[in-house]
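*Asks:* The following block contains a protein sequence and its predicted model.
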Amino acid sequence: MLQRASFGDEAVVVTANLNGMTTIDTHQDAVRPFPWIGLFTLALAIFVSVTTEFLPTGLLPEMARDYHVSLSQIGLLVTIFAGTVVLATTPLSILTRDFSRKRLVVIVLLVIAFGAVLAAVAPTYGILVVARVIGGLAHGLFWAVVGAYAGHLVPKHQLGRAVAITAGGATAAFVLGVPVGTAIGHALGWRLAFAFMAVLILVLAVLVVRFLPAINHRAHLTTGEIPLPMRKDRSIPAIAILCAIIVILMIAQNIFYTYITPWLIQVGGFSESAVPGLLLLYGGAGAIGLVLAGFVTDRYPRSGMIVAFVLVAAAVFVLALLSSQPAAVITFVVIWGVAFGGGPAMIQTRMLHSASARMRDTAAALQTTAFNVAIGGGALVGGLLLDGYGIGILPFADVAVMVFGIIFLVFSDLWLAQHGRRAHPKQQL
């Protein structure tokens with residue numbers, strides 16, 4: 001059933017399907033209310049997914065003791081999870097491209113919950129690996145869908161605000177999810193932390209069914225327009241370069257962050273009981289960074305990213321140099337959190353601006369793949385460095401790769417700007 005609602009001189013086309021769900025047609029040039037409830041529901045779904053992904057980083061010592069394995073082997077769980085995402089995201093997104101986006105969000109949340117339950121009861125390290133693989137399969141498809149969802153809910157000029165809201169779910173995972181999960185794991189055992197997350201995910205699946213608007217995610221051709229092969233889409237160079245930027249910068253971040261808990265204990269001299277509070281400070285600082293990014297991204301999409309990651313590199317470098325001084329460690333953990341907090345949201349906003357309408361879902365899948373190549377690669381490189389040179393080398397390796405990524409970001413931005421002016425001068429990256 002098709003309904004047309006008038007707002008001044010504009011019109012919004014709303015379709016009500018047989019299941020009673022309302023579908024917003026984002027291909028209409030229309031003015032409509034900002035979808036606060038839908039975006040906050042997405043943010044909550046992202047919160048539980050990201051918390052489940054990174055929960056092992058706060059529970060490395062407990063999990064290693066339980067299975068009688070090394071810290072790097074538990075860190076490898078992050079690599080396995082991310083590697084599964086890398087291998088599965090694009091094929092799964094292609095296989096499910098005609099499925100309802102909303103239904104896919106619900107399904108993948110249920111699978112993530114199953115993976116968390118299996119992790120909670122896993123009697124052996126091998127079964128724990130299987131649980132992480134299951135979680136990775138669902139997590140990859142989840143991000144391929146939700147990464148583009150905000151772009152379907154709002155017009156382009158509202159993308160920065162919409163992405164900042166949904167990205168708030170990931171930030172909240174570091175502010176609240178991982179610290180609380182870590183505290184639960186320390187107090188009651190790491191298995192109960194995973195079980196708690198499974199219950200929370202089931203609750204969020206119900207909220208998604210109730211509050212997330214369904215969308216029409218298929219791009220429509222205008223009259224007389226000829227469909228070109230996807231490989232000839234003009235936005236592909238920008239998408240590819242942004243994926244490369246993601247890989248380099250996020251590898252740098254995860255070389256160190258994956259092992260932040262043992263570093264704080266062994267190098268920083270903090271007790272295990274103090275770690276959740278420090279992670280909470282880091283996450284809270286990230287929330288501040290995300291708010292700042294919401295103001296900066298739409299006005300300074302290039303320079304804002306550069307400044308943010310320069311501050312990340314500087315904060316981690318000073319943190320490593322002053323690791324013997326607890327007050328300095330706390331201070332620069334906070335600065336690191338502020339600087340990094342808005343980085344992923346800035347990248348995602350640029351990706352949605354850069355990708356053409358028909359490339360958004362594909363760009364979201366590639367972006368998810370790039371992030372998880374970096375998460376897994378960073379955890380793997382960090383583990384190798386940890387075993388070979390000790391945990392003290394990790395922040396310095398982080399800084400070295402980060403500096404390389406910043407240089408690549410600066411020069412690729414210059415190239416993209418020149419390419420954009422030549423290919424489509426009216427489109428800004």
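*Replies:* Nice, thanks for sending it over.

*Asks:* And the pLDDT for Thr261?
*Replies:* Looking at Thr261, its pLDDT reads 86.

*Asks:* surely it meets Ala64?
*Replies:* No - with contacts defined as C-beta atoms under 8 Å, Thr261 does not count as touching Ala64, sitting 10.8 Å away. The way it works is simple: take the backbone N, C-alpha and C, and place the C-beta from them, glycine included.

*Asks:* and the two? which has more neighbours close in?
*Replies:* Neighbours were tallied for Thr261 and for Ala64 using other C-beta atoms under 10 Å; the higher tally belongs to Thr261 (25 against 19).

*Asks:* Tell me which helix or strand the more buried one sits in.
*Replies:* helix 260-266 (DSSP states H and E).

*Asks:* what separates that helix from the chain centre, distance-wise?
*Replies:* 23 Å (C-alpha atoms, centre = their mean, to the nearest Å).

*Asks:* Can you tell me what sits against it?
*Replies:* If you take C-beta atoms under 8 Å, 6 or more residues apart in numbering as the criterion, helix 260-266 is touched by 57-61, 71, 182, 256, 270-272, 274-275, 278-279, 282, 329, 391, 394-395.

*Asks:* Strands - which of those land there?
*Replies:* Secondary structure defined by DSSP state E assigns none of these to strands.

*Asks:* And these, which of them are buried?
*Replies:* 57-61, 71, 182, 256, 270, 275, 278-279, 282, 329, 391, 394-395 (16 or more other C-beta atoms under 10 Å).

*Asks:* Show me those that map onto helices.
*Replies:* Judged by DSSP state H, the subset of these located in helices is 57-58, 60-61, 71, 182, 256, 275, 278-279, 282, 329, 394-395.

*Asks:* Let me have these in a markdown table, extended by pLDDT.
*Replies:* Formatted as a markdown table, these follow (pLDDT from 0 to 100):
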| residue | pLDDT |
| --- | --- |
| Thr57 | 75 |
| Gly58 | 78 |
| Leu60 | 80 |
| Pro61 | 82 |
| Leu71 | 80 |
| Thr182 | 82 |
| Phe256 | 93 |
| Val275 | 85 |
| Leu278 | 89 |
| Leu279 | 82 |
| Tyr282 | 87 |
| Val329 | 93 |
| Leu394 | 95 |
| Pro395 | 95 |
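
*Asks:* Any chance of those residues in CSV with distance to Thr41 as columns?
*Replies:* Below are these laid out as CSV (distance: C-beta to C-beta, whole Å):
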residue, distance to Thr41
Thr57, 26
Gly58, 26
Leu60, 32
Pro61, 35
Leu71, 36
Thr182, 26
Phe256, 32
Val275, 31
Leu278, 30
Leu279, 25
Tyr282, 26
Val329, 37
Leu394, 36
Pro395, 37
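
*Asks:* Spell out for me which residue occupies the centre of this protein.
*Replies:* Ala170 (6.1 Å; C-alpha atoms, centre = their mean).

*Asks:* How is that residue classified with respect to secondary structure?
*Replies:* helix (DSSP: H, G, I helix; E, B strand; the rest coil).

*Asks:* for it, what are its contacts?
*Replies:* So Ala170 contacts 46-47, 50, 344 (C-beta under 8 Å, 6+ apart).

*Asks:* which of those lies closest to Leu321?
*Replies:* Pro344 (26.2 Å; C-beta to C-beta).

*Asks:* What does the pLDDT read for that closest one?
*Replies:* 83.

*Asks:* and it, what does it touch?
*Replies:* 167, 170, 371.

*Asks:* do Phe332 as well
*Replies:* So Phe332 contacts 315-316, 318-319, 322 (C-beta under 8 Å, 6+ apart).

*Asks:* residues touching Tyr259, list them.
*Replies:* Counted by C-beta under 8 Å, 6+ apart, Tyr259 has contacts 57, 60, 71, 75, 382-383, 386, 391, 394.

*Asks:* Give me the PyMOL select line for the contacts of Phe332, limited to the buried ones.
*Replies:* Buried subset of those, written as a PyMOL selection, criterion 16+ other C-beta under 10 Å:
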select buried, resi 315+316+318+319
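
*Asks:* Using TSV, lay out the contacts of Phe332 together with distance to Gly160.
*Replies:* Formatted as TSV, the contacts of Phe332 follow (distance: C-beta to C-beta, whole Å):
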residue	distance to Gly160
Ala315	24
Val316	27
Val318	30
Leu319	30
Leu322	35
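
*Asks:* Let me see the backbone angles for the closest residue to Leu292 other than its chain neighbours.
*Replies:* The shortest distance from Leu292 to any non-neighbouring residue, by C-beta to C-beta, 6 or more residues apart in numbering, is to Gly342 (5.8 Å). The phi/psi pair for Gly342 (degrees, to the nearest 10) reads phi -90, psi 0.

*Asks:* State the pLDDT value of the residue nearest to the centre of the chain.
*Replies:* Ala170 is given a pLDDT of 79.

*Asks:* lowest-pLDDT helix or strand in this protein?
*Replies:* strand 2-7 (a mean of 34; mean pLDDT, DSSP states H and E).

*Asks:* buried set for the helix holding Thr261?
*Replies:* Result for helix 260-266 [16+ other C-beta under 10 Å]: buried residues 260-265.

*Asks:* what do you get for stretch 277-293?
*Replies:* 278-293.

*Asks:* Dump the C-alpha coordinates for that stretch into PDB.
*Replies:* Extracted as PDB, the C-alpha positions of stretch 277-293 are listed here (Å, rounded to 0.1, in the frame of the first residue of the first chain):
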ATOM      1  CA  GLY A 277      38.300   1.700  35.400                       C
ATOM      2  CA  LEU A 278      41.100   2.600  33.000                       C
ATOM      3  CA  LEU A 279      39.200   1.100  30.100                       C
ATOM      4  CA  LEU A 280      36.200   3.000  31.200                       C
ATOM      5  CA  LEU A 281      38.200   6.200  31.100                       C
ATOM      6  CA  TYR A 282      39.500   5.400  27.700                       C
ATOM      7  CA  GLY A 283      36.000   4.700  26.400                       C
ATOM      8  CA  GLY A 284      34.600   7.800  28.100                       C
ATOM      9  CA  ALA A 285      37.300   9.900  26.400                       C
ATOM     10  CA  GLY A 286      36.300   8.200  23.100                       C
ATOM     11  CA  ALA A 287      32.700   9.400  23.600                       C
ATOM     12  CA  ILE A 288      34.000  12.900  23.900                       C
ATOM     13  CA  GLY A 289      36.000  12.400  20.700                       C
ATOM     14  CA  LEU A 290      33.000  11.100  18.900                       C
ATOM     15  CA  VAL A 291      31.000  14.200  19.900                       C
ATOM     16  CA  LEU A 292      33.800  16.500  18.600                       C
ATOM     17  CA  ALA A 293      33.900  14.500  15.400                       C
END
